[in-house]
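Student: Compute the structure for the input listed below.
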Amino acid sequence: MNVQAFLDRVAAKEARVGVIGLGYVGLPLALACLRAGFPVTGYDIDGAKVEMLKAERSYLPHIPVDGIGAEVASGRFRPTSDISDLGDTDAVLICVPTPLTPERDPDLRYVRDTVAALAPVLKRGALVVLESTTYPGTTEDVLLPILEGAGLKLGEDLFLAFAPEREDPGNANYSIGRIPKVVGGMDAASGQAAEALYGAVLERVVPVSSASTAEAVKITENVFRAVNIALVNELKLIYGAMGIDVWEVIEAASTKPFGYMPFYPGPGLGGHCIPIDPFYLAWKARSVGQSTRFIELAGEINRAMPDYVIDRLREAVDLQSGKGLRGADILLIGMAYKKNVADQRESPALTILEKLDAAGASVSFHDPWIPEILPSREFGALAGKASVALTAERVAAADAVLIVTDHDDVDYALVADRARLVVDTRNAMGARGFEGTHIVTA
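Tutor: Residues are numbered from 1 along each chain as shown. The predicted structure follows:
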């Protein structure tokens, strides 16, 4: 198989790119390839997403699809729910979820099912790239055997690589095109093919020696964040007991121009990456006889934060009204896992809401990005619960307003003015200059 033929098609922008999974990672990637001049086939099992894209409507508020209708009409962009439509693609980029099992082990069923479905229709000479975050060795130990089982031989029938996604939804400073792309091939030709494709779409590509190295890079990035967030969460507890404002400490420490990087405490970890990826590495480490004590301790600290928030809320409500949480009216601000995104996955707000319900509180939530809670495996009982309007009357009626997610488009002045009690887990009030004895941090 001649890698030069693939490189020539990429250079001429004749290579059709397939993207599997049109979510927070796949959709911006597909649009970036399209805007770089490549014809694109976007595949998703959710037919509703496909129809919305055909109608030039975005299902992700922070990702506009203006002008895409003309690309669909011309055939340059083909949204589809039929896997066979990927049969004429020269490169297929896989962006599917990699969750955990209930036992907190890696759950690669979406990866396996996707590759198994793709293999029979894959064009000979195509490049396959996995972008989903996973443990080192997945591309070689999981993808390659499935492809080989379908009669596709690396170096003869296909190129295979790993290039981890580095999306940061809601971060306007770093669109997909500006984020350096790490690429590792299963062999030299695969690495060369993947580097050429991404280099034609993104500003910078960072090649590494192997797919396993690229997988380790992504895991390392997210473990780094999880551990450091756990550190500042623990510092928040320690400094809080000393009467010291951890937010002021972090702000002052951030003035050091070297040797320090600010991380911020919160009510727990959320999103699809940081709460999950460290467990992928822990699982893989056990398979080679290594322990991950530091990583697992960080996980324990971060998973305990919702309980800390609830304890602080209970203390504050009891001090304010003497009634504790049972029967208390709690207005929760923010259901998304981070500000300014419409993504509830692994959000600590879900855990907090469920625990408050169990404690006998009457809880409603306001989130301008999450109109209602979507079904999920862990929080099925909360599905369908809708966001309420943030009105002066609703704020004033609550025994406490609990800020879990600090979206920018929330009327914090209204909260400061009308709430009897505000319990703030994100420093949303302090950062905006709102003070008062009725505002406490958690």
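Student: Phi, psi for the closest residue to Gly191 other than its chain neighbours please.
Tutor: Here the nearest residue to Gly191 in space, its sequence neighbours aside, is Gly185; by CB to CB, 6 or more residues apart in numbering that works out to 2.8 Å. In this view, the C-beta of every residue, glycine as well, is placed from N, C-alpha and C. With angles defined as degrees, to the nearest 10, Gly185 shows backbone torsions of phi -100, psi 160.
Student: Might you report the residue contacts of Gly185?
Tutor: Taking CB atoms under 8 Å, 6 or more residues apart in numbering, we find Gly185 in contact with 159-161, 191-195, 210-211.
Student: Which of the residues you listed fall within strands?
Tutor: When DSSP state E defines the strands, the subset of the contacts of Gly185 inside them is 159-161.
Student: partner residues bridging the residue nearest to Gly191?
Tutor: In this entry, Gly185 is beta-bridged to Ala161, by DSSP bridges.
Student: to the chain's geometric centre, what's the distance from the helix or strand where Leu332 lies?
Tutor: For Leu332, the enclosing helix or strand under DSSP states H and E is strand 329-333. Using CA atoms, centre = their mean, to the nearest Å, the distance from the centre of strand 329-333 to the centre of the chain it belongs to is 25 Å.
Student: who does it touch, helix- and strand-wise?
Tutor: Strand 329-333 sits against helix 348-358, strand 362-366, helix 392-397, strand 400-403, with contacts defined as 3 or more CB pairs under 8 Å, 6 or more residues apart in numbering; DSSP states H and E.
Student: where's the residue nearest to Gly191 relative to Gly67, distance?
Tutor: Separation of Gly185 from Gly67 (CB to CB, to the nearest Å): 34 Å.
Student: Give me the buried positions along stretch 428-439.
Tutor: 428-430, 434, 438-439 (16 or more other CB atoms under 10 Å).
Student: Take those residues and keep only those in strands.
Tutor: When the buried residues of stretch 428-439 are checked against strands (DSSP E), the matches are Ile439.
Student: hmm, which two among the buried residues of stretch 428-439 are most spread apart?
Tutor: Every pair in the buried residues of stretch 428-439 was compared (CB to CB); the two farthest apart turn out to be Ala428 and His438, at 14.4 Å.
Student: What residue in this structure is the furthest from its centre?
Tutor: Here the chain has its C-alpha centre computed as a mean, and the residue farthest from that point, by CA atoms, centre = their mean, is Gly322 with 39.4 Å.
Student: just to revisit the earlier point, neighbour-wise, which of the ones in strands among the contacts of Gly185 leads?
Tutor: Counting neighbours by other CB atoms under 10 Å, Ala161 leads these with 31 neighbours.
Student: What ranges does the stretch 1-150 of the chain have for its helices?
Tutor: 3-11, 26-35, 47-54, 68-74, 109-118, 138, 144-149 (DSSP state H, counting those that start in this stretch).
Student: now the ones you listed in TSV, with mean pLDDT, distance to Ser81 and mean neighbour count?
Tutor: Formatted as TSV, the entries for those read as follows, by pLDDT from 0 to 100; distance: least, CB to CB, whole Å; neighbours: other CB atoms under 10 Å:
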stretch	mean pLDDT	distance to Ser81	mean neighbour count
helix 3-11	96	26	16
helix 26-35	95	13	23
helix 47-54	93	5	17
helix 68-74	88	14	15
helix 109-118	97	12	18
helix 138	97	25	23
helix 144-149	97	21	16
